[in-house]
Structures are given as C-alpha cells and as structure tokens.
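In: Sequence plus the predicted model coming up.
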Amino acid sequence: MTTGLQIALMGGAVFGLGVALLVWRLMPADPDVVDVVRRYSPEAVKERSVVRTEVVAPGTIEKVGIWAIRRFPASVWGRSPTKELALLRMPLHRHYGTKVLYALAGLVVPPILSYYFTLVELPVPVLVPAGGSLVLAAFLFMAPDMNVRSDAKKARADFSRALGVYTDLVALERLSGAGSRQAMESAAEVGDNWVFRRIGEELQRSRWNGVAPWDALQNLSDELGLPELTDLADVMRMSGEGSQVYDNLRARSAALRSAMLNSERASANAASERINMPMSMLGVVFMVILVTPALLRVMASS
C-alpha cells in the first residue's frame, strides 16, 4: 500500500514542478540570436510550413506541434530529420507534436502501472515509476525520429528505382528531338506514382519561376538528400547533341539499376545469414540432445 511518506514525496514533487513551470513562464525571454535568425531564415520557414500540402483543419497533433515550436527553444529538439520529413511530405510541426505526445505518454504510463500494482497489493517503490517515466519519455521522444528515418530510407529506395525509369524516358524524349525542358516535363507526365509527380511539380514550378530545369532538380536533390537526382541534373546541364546525351542518360540509368541490384543482393545475403543462425543453433541443440545420454552413462559407470 502507498505510505504517507510516498504520498508526501509525490505531492512535493508535483508542487515543485508547478513552481518551476510558473517561474520559467514568468522569467523574461533571453533568446539566442543565432536561433532567432535561423528561425526567420527562408530555410527554417520552409521547414515549418506544410511541405506542399494543404491542411484544412489542423488536428490535435498539429496544434500541439505549433505550440511546442513557439514555446521550446531549438536546442530541445536536437537534430531534426528535416530532409527526411521533406521527402515524406510531413510538416515539421506535426512531427514535433508527435514527439511531445509520445513523451507525455511515456511520463504517464509508468505511474498508471504502479497504481495498478498497488491496487493488487504489489506495491512498487516510488523511484521505480519515477525513473521509468523519465527513461520511457526520453525513448518515446526519440522514437518518431527513428520512424521517420526508417520510412525515408524506404522512400529513397523507391525514388531511386523510379528515377532509373524516369532517366530512360528522358533519354528517349531527347533522342526523338525534344528539348531539355520538354523532355524532362514529358517524361514526368508518363508516370503516376509519387516520384514522377514530385519531379513534375518541381519542373512546373521552375517554369513559372524562370529557373532552369536542371537547377530545379538540383535544388530538389539538396532538399531531399537524393544524390542520384544531382547526377541527372548534371547530365542535363551539360547535355549537347541528342545522341550524346542519350548515351549519357542510358549509362546513368544502367548505373542506377546496377546499384539497386547490388543493394538487393546485400539485403538478400543478410536475410540468408539471419535465417542460417537459428538453423545452426538448432543443430547445436540437436547434437547436445544426442550426446547427453552417452555422457550421462559414462559418468554413471565411472
């Protein structure tokens, strides 16, 4: 059962937390100049915006994220996966809202479990839920970053696979006599998956902004962290005669397919090794089962 000392410690901790939050709220702001300049830079504004998507009615996660961006300094978030979020088209404030809600869940779950164990007459020391809350909150606070990086890794693999097809289409358009911009835009209109749509949107935006299409792809590569797209932009920037650029583009698409094939082979080999390990352990257990009776008989006779 909960003792009076535990209740007093919990009450004191809650009171101290309330006083600390009140003092922190009333203290005058002392912002970091570098952080303020970074927040108002075009790159930071682009990070905070919804990445080319429309949000009609922000939900709870978005509202929590917007509140957290306004209240917490940038140092609290650490290194945010901005390129991965841009690739997944996830707004930065939604990602921050997810991190905050996950951390709050981590703070609440251990005390609830401790209260349940107390009800079934299995009391738990106060330090256990307190330490568990901090550890679980820290882990869940970092969990969205790991999820975003994992999803972005899969998205980059899909992008590389589709980029090889797009490169072949651009090569065919150039071989048929189309100009560089026309070839790139026509090739982007062929596919209907998210890679072709993303490239097509960037090319259309470059047309209205007066930016060269290869520069637009270069900017998209820098934004999303896609070096393969940089290679395509370089080839189109230095494109000359139709046959020459056709050969360069086909060579680039062949290199992309070769790299993807090597990656798939490495993944398959790693999966095979993971499968062989349990089989090896099963063989060891089987040998132990066979040898154990003989050893026991030898030991008994001696």
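Out: That came through, no problem.

In: Just the strands from the stretch 151-300 of the chain, written as ranges.
Out: Listed in chain order, the strands found in the stretch 151-300 of the chain under DSSP state E, counting those that start in this stretch amount to none.

In: quick one: low-confidence ranges for it?
Out: Along the stretch 151-300 of the chain, segments meeting pLDDT under 70 span 240-243.

In: What segments of the chain are helices?
Out: 4-26, 33-39, 42-48, 60-71, 74-77, 82-88, 92-119, 127-175, 180-190, 194-209, 213-224, 227-237, 242-301 (DSSP state H).

In: Just send these back as JSON lines, with mean neighbour count too.
Out: Any C-beta I mention is one placed from the backbone N, CA and C, and that applies to glycine too. Putting these into JSON lines (neighbours: other CB atoms under 10 Å) gives the following:
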{"stretch": "helix 4-26", "mean neighbour count": "10"}
{"stretch": "helix 33-39", "mean neighbour count": "11"}
{"stretch": "helix 42-48", "mean neighbour count": "13"}
{"stretch": "helix 60-71", "mean neighbour count": "15"}
{"stretch": "helix 74-77", "mean neighbour count": "13"}
{"stretch": "helix 82-88", "mean neighbour count": "20"}
{"stretch": "helix 92-119", "mean neighbour count": "18"}
{"stretch": "helix 127-175", "mean neighbour count": "17"}
{"stretch": "helix 180-190", "mean neighbour count": "19"}
{"stretch": "helix 194-209", "mean neighbour count": "16"}
{"stretch": "helix 213-224", "mean neighbour count": "19"}
{"stretch": "helix 227-237", "mean neighbour count": "19"}
{"stretch": "helix 242-301", "mean neighbour count": "12"}
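
In: Which residue is the nearest non-sequential neighbour of residue 87?
Out: Nearest non-adjacent residue to residue 87, counting by CB to CB, 6 or more residues apart in numbering: residue 224, 4.6 Å away.

In: low-scoring stretches of the stretch 1-150 of the chain, by residue?
Out: The stretch 1-150 of the chain contains residues with pLDDT under 70 at 1-12, 24-25, 27-58.

In: do you know how far residue 227 is from residue 247?
Out: Distance of residue 227 to residue 247, computed by CB to CB, to the nearest Å: 21 Å.

In: what's the answer for residue 256, then?
Out: Distance of residue 256 to residue 247, computed by CB to CB: 15 Å.

In: Now for residue 97: which residues touch it?
Out: Under the criterion of CB atoms under 8 Å, 6 or more residues apart in numbering, the neighbours of residue 97 are 60, 61, 62, 63, 64, 65, 66, 68.
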